[in-house]
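>>> no FASTA, just this:
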Ligand code: IPD
Ligand code: CA
Ligand code: CA
Ligand code: CA
């Protein structure tokens, strides 16, 4: 291994242990029926006190171990009102709870997600579902793991053999939502099944482990995707922009797929859906 490989492994090991250590606290939070929660800027944007607590623990621990670190964390951004620019510095991209609505509604499908970018490249990812006891992790060039066991995408190449995951972002105007509903309708009609799970990070891990074959979503944020992106790629999967172009972590409008063939088919179906005019939701 060269130097940067050893550095990345060190970052990865420390972060993995830190995330794992959050398990008991966040499980207790989840089991606490009175978990206080509130709306953020919008009625569909919920947050609990645990989101902030977990982010603080992670930032503090990672900063202590690696003072050169920078951070892009959901709750810090919510407080400051702006997303820091991604630089070449080692940057931890943190979602303390991905799937907060699930957390609040007692749906046991949410996770802690941490991604690491160095020189603007995603190099390590950790996604932990403490309820299912599932630790997904990967670092660049060394494969993806679920609880220490190698995972791989299912080498699905055909839409009509694929389980499709999707989400519809609520942050936009009706026209944008309708565009996405049209796309999902088109993609779903050609798939063997569709799922909407409420955690972008875990959805990428489900593609990585071969449970889902593809995923379409727009308007997510870097912290929803960073950890899962590394895990998906190391499991053999691919990520593109929804137009079929290059995927960018700071603007995750994305297609995730088990194979490039499947992604290409999705891009074609998305274009067909966008061209449909006889389809309206009131
Ligand atoms: C949400 C989840 C969800 C996605 C939402 C996100 P949060 O993140 O990733 O899957 O559909 O758009 O906001 O708020 O639970 O961290
Ligand atoms: Ca949130
Ligand atoms: Ca999230
Ligand atoms: Ca969150």
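Nice, I can see it. Keep in mind the model is a prediction, meaning the values are calculated, not measured. Residues are numbered from 1 along each chain as shown. Ligands and ions are numbered 1, 2, ... in the order given.
>>> what parts of this protein come near ligand 3?
Residues of the chain found near ligand 3 (Cβ under 5 Å from the ion) are 95, 98, 224. (Glycine included, C-beta is placed from N, CA and C.)
>>> got a pLDDT number for the second one?
Listed pLDDT for residue 98 reads 98.
>>> okay, and the closest residue to it other than its chain neighbours sits in which element?
Ranked by Cβ to Cβ, 6 or more residues apart in numbering and with sequence neighbours excluded, the top spatial neighbour of residue 98 is residue 201, at 4.3 Å. Counting by DSSP states H and E, the element that carries residue 201 is helix 200-208.
>>> then residue 51?
Short version, using DSSP H and E: residue 51 is in helix 49-65.
>>> quick one: that helix near ligand 4?
No: using Cβ under 5 Å from the ion, helix 49-65 stays clear of ligand 4, with a minimum separation of 5.7 Å.
>>> paired strands for the helix or strand that that helix is followed by, with orientation please.
Remark: after helix 49-65, the chain's next helix or strand is strand 70-73, criterion DSSP H and E. Applying DSSP bridges to the sheet, strand 70-73 is found paired with strand 91-98 (parallel).
>>> and the partner strand with helix 49-65, angle?
Inter-element angle recorded for strand 91-98 and helix 49-65: 160 degrees (by axes from the mean of the first three to the mean of the last three Cα atoms, to 10 degrees).
>>> ok, stretch 202-219 near ligand 1 or not?
No: with Cβ under 6 Å from any ligand atom as the measure, stretch 202-219 is seen stopping short of ligand 1, the closest distance being 6.6 Å.
>>> in that stretch, what counts as buried?
In terms of neighbour count (16 or more other Cβ atoms under 10 Å), stretch 202-219 has its buried residues at 202-210, 212-219.
>>> how about stretch 68-86?
69-77, 86.
>>> list phi and psi for the nearest residue to residue 100 once chain neighbours are set aside.
Distances taken as Cβ to Cβ, 6+ apart put residue 46 closest to residue 100, at 5.4 Å, once the chain neighbours are dropped. Dihedral pair for residue 46: phi -100, psi 150, per degrees, to the nearest 10.
>>> okay, and the beta partners of residue 46?
residue 39.
>>> how close does residue 186 sit to residue 26?
From residue 186 across to residue 26, the span is 38 Å (Cβ to Cβ, to the nearest Å).
>>> neighbour count winner among those two?
residue 26 (25 against 22; other Cβ atoms under 10 Å).
>>> so which helix or strand takes in that one?
helix 23-31.
>>> average pLDDT for that helix?
On average, helix 23-31 scores 93.
>>> cool, stretch 244-252 as well?
Rounded mean pLDDT across stretch 244-252 is 96.
>>> would you indicate which residues of it are buried?
Residues 247, 249-250, 252 are the ones in stretch 244-252 that count as buried (16+ other Cβ under 10 Å).
>>> and which of the residues you listed is nearest residue 264?
Nearest to residue 264 among the buried residues of stretch 244-252: residue 247, at 14.2 Å, using Cβ to Cβ.
>>> tell me how far the closest one lies from residue 208.
Distance of residue 247 to residue 208, computed by Cβ to Cβ: 15 Å.
>>> what residues does the stretch 51-200 of the chain put near ligand 1?
Within reach of ligand 1 by Cβ under 6 Å from any ligand atom, the stretch 51-200 of the chain has these residues: 74, 95, 97-101, 167, 169, 198-200.
>>> list buried residues within the residues you listed.
Among those, those scoring as buried are 74, 95, 97-100, 167, 198-200 (criterion: 16+ other Cβ under 10 Å).
>>> can you show me the helices along the stretch 51-200 of the chain?
74-80, 100-104, 174-189, 200-208 (DSSP state H, counting those that start in this stretch).
>>> rank the ones you listed by pLDDT, which is bottom?
Looking at the helices of the stretch 51-200 of the chain, the bottom one is helix 174-189 with a mean of 89.
>>> many thanks, we can stop here.
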